[in-house]
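Just to be clear, the model below is a prediction. Sequence and coordinates:
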Amino acid sequence: RRARRFHSLNGLHLLFPTFFNLPEVSEGNPDVERIRIINPELIIWDTLRRIHRMGPDAGDQAVAYVYGQARHLFPRATHMFIHHDKKTIADQDKLDDDESFSGTGAWIDNADLGLKLKRVAEGKVLLKFTKVRTCEDQPPVTLGLSLDSMLLYSSESVENLIAKWRERHQGTNGELERFLLNSFAAPPHVIRTILSK
């Protein structure tokens, strides 16, 4: 059996604090200091319900505290908060995307961008832009889910992306490979197989 190769993700840092209540975290908190040393451009908070201990009655006040504290502690970073839909209910498919969002609507109301992933077939998901504040509305994008890596990949064929790249660039195969990896065109072993032909 072939050994599985893991690919390094340069610049990716994971932090698993045992307890983290963002609205009450101070600037001197050891986890905050570790993150500040890295000076990240993007912080992904996974998940929204696990980073604050404000009760369900806090409503809009919780939103202001959580979002405000994230910006206060890490002002140069873009913040992405992962959240889930309401648990399955009758007629879930008839809900508007905003109505299916779990908890107070202020979480999405106060965000600049809302993205929703919905499974549409085995290994296929639809990425919908439920809220876009900084540009025109965006069409949904179909993505493939790799069961090996659990990463999402473009549904456009790698061959099409290669053809488009070669029309615009005179770069090396190494540069093309980096472009395809950065575009999440396919898992690394698929890209290398295609480029070796």
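On my side now, so go ahead.

who's in contact with the helix or strand encompassing Tyr65?
In this structure, Tyr65 sits in helix 60-73 according to DSSP states H and E. Applying CB atoms under 8 Å, 6 or more residues apart in numbering, the contact partners of helix 60-73 are 22-23, 25, 27, 32, 35-36, 43, 45, 48, 51-52, 54, 58, 79, 81, 104, 106-107, 109-111. (C-beta placed from N, C-alpha, C; glycine too.)

Return the subset of those residues lying in helices.
32, 35-36, 106-107, 109 (DSSP state H).

Check these and tell me the two furthest apart.
Arg36 and Asp109 (28.8 Å; CB to CB).

Find the residue ranges of the protein scoring beneath the pLDDT cut-off.
1-9, 55-59, 86-104 (pLDDT under 70).

Of the contacts of helix 60-73, just the buried ones, PyMOL syntax please.
Burial among the contacts of helix 60-73 is assessed by 16 or more other CB atoms under 10 Å; the matching PyMOL selection reads:
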select buried, resi 22+23+25+32+35+43+45+48+51+52+54+58+79+81+104+107+111
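
sorry, back to before: okay, the helix holding Tyr65 in PDB with CA atoms only?
Below are the C-alpha coordinates for helix 60-73, written out as PDB (Å, rounded to 0.1, in the frame of the first residue of the first chain):
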ATOM      1  CA  ASP A  60     -27.700  41.600  18.900                       C
ATOM      2  CA  GLN A  61     -25.500  42.600  21.900                       C
ATOM      3  CA  ALA A  62     -23.500  39.300  21.500                       C
ATOM      4  CA  VAL A  63     -22.900  40.100  17.800                       C
ATOM      5  CA  ALA A  64     -21.500  43.600  18.700                       C
ATOM      6  CA  TYR A  65     -19.200  42.200  21.400                       C
ATOM      7  CA  VAL A  66     -17.900  39.200  19.400                       C
ATOM      8  CA  TYR A  67     -17.300  41.000  16.100                       C
ATOM      9  CA  GLY A  68     -16.000  44.200  17.900                       C
ATOM     10  CA  GLN A  69     -13.600  42.300  20.100                       C
ATOM     11  CA  ALA A  70     -12.200  40.300  17.100                       C
ATOM     12  CA  ARG A  71     -11.500  43.600  15.300                       C
ATOM     13  CA  HIS A  72     -10.100  45.200  18.400                       C
ATOM     14  CA  LEU A  73      -7.600  42.400  19.200                       C
END
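
In it, which residues are buried?
62-63, 65-67, 69-70, 73.

about what we covered before: for Lys118, state which of the ones in helices among the contacts of helix 60-73 is nearest.
Set against Lys118, the nearest of the ones in helices among the contacts of helix 60-73 by CB to CB is Trp107 (18.1 Å).

measure the residue nearest to that closest one when sequence neighbours are not counted to Leu147 for me?
Closest residue to Trp107 apart from its sequence neighbours, by CB to CB, 6 or more residues apart in numbering: Val63 at 5.7 Å. Applying CB to CB, to the nearest Å, the value for Val63 to Leu147 is 35 Å.

No further questions, thank you.
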